[in-house]
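In: give me the fold of what follows.
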Amino acid sequence: MIILYNNCMDIEMYINEPIKFSSFHSILEKLPEFKQFLREIKLNTLLEGKKVQFDIEEIRSGTRYSGKYITNFETESLLSISTISSSYDFKIDSLSFIIENDNIISIKSKISILTESLSNLIEQGLKVELHPLIVNGRVSSFYLIKS
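Out: Predicted coordinates:
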């Protein structure tokens, strides 16, 4: 049984195929520290050629960092969650990337569950996977599915 603390949980993002860090630029570029981090990542990768960790510890609210829980993955359209919606099931509070060159090795995240129904399901043992929604080669949103 998972117990949410203040409706928050740590979760590793599921990456089912190779994904480039550059595909996240469109949602990360609005963050004030992004340009500085991007320079550091490029410099460390070029000079040292090893893995780099990039942490965004506090993401302010915004729909770019919110997502939906997909109850029936086979029948629901993923594109429907990328459209502007007034209700979201969770929001991303932090992201931590492990990057090698432009390839993402792993992404860990802290999310806040926004709906009581999803919070109850998770506390009752529902296991979920966090996925990036990629449209035209760019991450546009996020979604959760039952694992």
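In: and Pro18, how many neighbours?
Out: By other Cβ atoms under 10 Å, the residues close to Pro18 number 8. Where C-beta positions appear, they are placed from N, C-alpha and C, glycine not excepted.
In: hang on, it in a helix?
Out: No - counting by DSSP: H, G, I helix; E, B strand; the rest coil, Pro18 is not found in a helix; it is coil.
In: now do it against Asp102, distance only.
Out: For Pro18, the distance to Asp102 (Cβ to Cβ, to the nearest Å) stands at 10 Å.
In: now Gln124
Out: 40 Å.
In: look at those two and report which has more neighbours.
Out: Asp102 (14 against 9).
In: contacts only, for the nearest residue to Asp93 once chain neighbours are set aside.
Out: Leaving aside its chain neighbours, Asp93 sits nearest to Lys110 (4.6 Å; criterion: Cβ to Cβ, 6 or more residues apart in numbering). By Cβ atoms under 8 Å, 6 or more residues apart in numbering, Lys110 lies in contact with 8-11, 92-94.
In: how many neighbours does Ser109 have?
Out: Neighbours of Ser109 using other Cβ under 10 Å come to 21.
In: pull the distance from stretch 124-132 to the chain's centre.
Out: Relative to its chain's centre, stretch 124-132 lies at 12 Å (Cα atoms, centre = their mean, to the nearest Å).
In: now do stretch 106-119
Out: For stretch 106-119 - counting by Cα atoms, centre = their mean - the centre lies 10 Å from the chain centre.
In: buried ones in it, by neighbour count?
Out: 107-114, 118-119 (16 or more other Cβ atoms under 10 Å).
In: filter the contacts of Lys110 down to the buried ones.
Out: Burial by neighbour count, 16+ other Cβ under 10 Å: within the contacts of Lys110 this picks out 9, 11, 92-94.
In: now the residues you listed as a markdown table including secondary structure, pLDDT and distance to Tyr143?
Out: As requested, these are exported to a markdown table (DSSP: H, G, I helix; E, B strand; the rest coil; pLDDT from 0 to 100; distance: Cβ to Cβ, whole Å):
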| residue | secondary structure | pLDDT | distance to Tyr143 |
| --- | --- | --- | --- |
| Met9 | strand | 93 | 15 |
| Ile11 | strand | 94 | 12 |
| Ile92 | strand | 91 | 11 |
| Asp93 | strand | 91 | 16 |
| Ser94 | strand | 91 | 18 |
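In: this completes my enquiry, with thanks.
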